[in-house]
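Undergrad: everything below, folded, please.
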Amino acid sequence: RIENKKITERKNYLFNFIEKILDLIFPPVCGICNKEINTYLCKNCEKEINKITCVGENKYSNKNFSTHMYLFKYEGIIRSKIISYKFDDKPYLYKSFCEIFVKNKKVCEFLKNYDIIISVPMYKKKKNQRGYNQSELIAREIAKKVKNIEYRSDILLKIKNTANQSLLNKEQRKENLKNAYEVKNKEYISNKNILIFDDIYTTGSTANECSKMLVEAGARSIGILTIAKD
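TA: A predicted model of the protein is given here:
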């Protein structure tokens, strides 16, 4: 367990070091209007984003997670930015999305209910092809900004190269995700409240399957946090 902790600390140190170097090479840019400024979300865009923010919190008794919170409907500029973030090689947008999360009071209160935040993992080959896991970048940054919650990347792993969920119907999505995930280092989540972060919530199949694995591994409760809900 001590050795695992040291490995995680080294990974976090390396990630933070690379991040600082990139910030020096590439000046901060507002992720919405693309202006070079000293922050990742300018005041004008923050005002416009606040106008379309519709914080939703849904409670569930028939799923493996109890709560889902999201900031936006999956439409308009938010949909456009998420697509660019994932598929147009714009990983820097995670900073802007994180700013939106940590400046929202409801989200910050919600985060206080959880001990650990993890991201929905990608299959290693797909992550290498894209170059980054978009959910991991935001979840890691949230944990840096909000001190009461810890980010861990060594808990939930994807071990099956599944088909793209967006191309499947609800029943196909469930079948597609069977045996796709594995839980490691179960001792870290035993009796803990775990928050799973993903970019979009559609049918909830991915969130439910990940939650199932974590509950079976000993987690006390599971919550879901996403940028948007489709």
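Undergrad: only C-alpha atoms from now on, for both contacts and neighbour counts.
TA: Noted.
Undergrad: run through the helices of the chain in chain order.
TA: 2-25, 43-52, 76-87, 93-102, 105-111, 124-130, 134-145, 170-176, 205-216 (DSSP state H).
Undergrad: wait, which of the ones you listed is closest to Ile117?
TA: In terms of C-alpha to C-alpha, the element of the helices of the chain nearest to Ile117 is helix 134-145, at 6.7 Å.
Undergrad: and the angle for that closest one with helix 93-102?
TA: For helix 134-145 and helix 93-102, the angle between their directions (axes from the mean of the first three to the mean of the last three C-alpha atoms, to 10 degrees) works out to 50 degrees.
Undergrad: quick one: mean pLDDT over helix 134-145.
TA: Taken as a whole, helix 134-145 has a mean pLDDT of 95.
Undergrad: and that helix, what's buried?
TA: 134-143 (16 or more other C-alpha atoms under 10 Å).
Undergrad: turn the helices of the chain into CSV, including distance to Asp199.
TA: As requested, the helices of the chain are arranged in CSV below (distance: least, C-alpha to C-alpha, whole Å):
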stretch, distance to Asp199
helix 2-25, 21
helix 43-52, 17
helix 76-87, 8
helix 93-102, 10
helix 105-111, 15
helix 124-130, 15
helix 134-145, 6
helix 170-176, 17
helix 205-216, 11
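Undergrad: quick one, which of the ones you listed is nearest to Lys229?
TA: Closest among these, using C-alpha to C-alpha: helix 76-87, at 10.0 Å.
Undergrad: give the residue spans of this structure that score low on pLDDT.
TA: Applying pLDDT under 70 to the chain picks out residues 1-26.
Undergrad: go again using 80 as the cut-off
TA: 1-27 (pLDDT under 80).
Undergrad: ok, now which ones touch the closest residue to Ser153 other than its chain neighbours?
TA: Nearest non-adjacent residue to Ser153, counting by C-alpha to C-alpha, 6 or more residues apart in numbering: Ile118, 6.4 Å away. Residues near Ile118 by C-alpha atoms under 8 Å, 6 or more residues apart in numbering: 136, 139, 151-153, 155-156, 194-197.
Undergrad: just curious, which of the residues you listed is nearest to Glu99?
TA: Using C-alpha to C-alpha, the contacts of Ile118 come closest to Glu99 at Ala139, 11.7 Å.
Undergrad: surely that closest one touches Pro121?
TA: No - the criterion here is C-alpha atoms under 8 Å, and Ala139 misses it with Pro121 at 11.3 Å.
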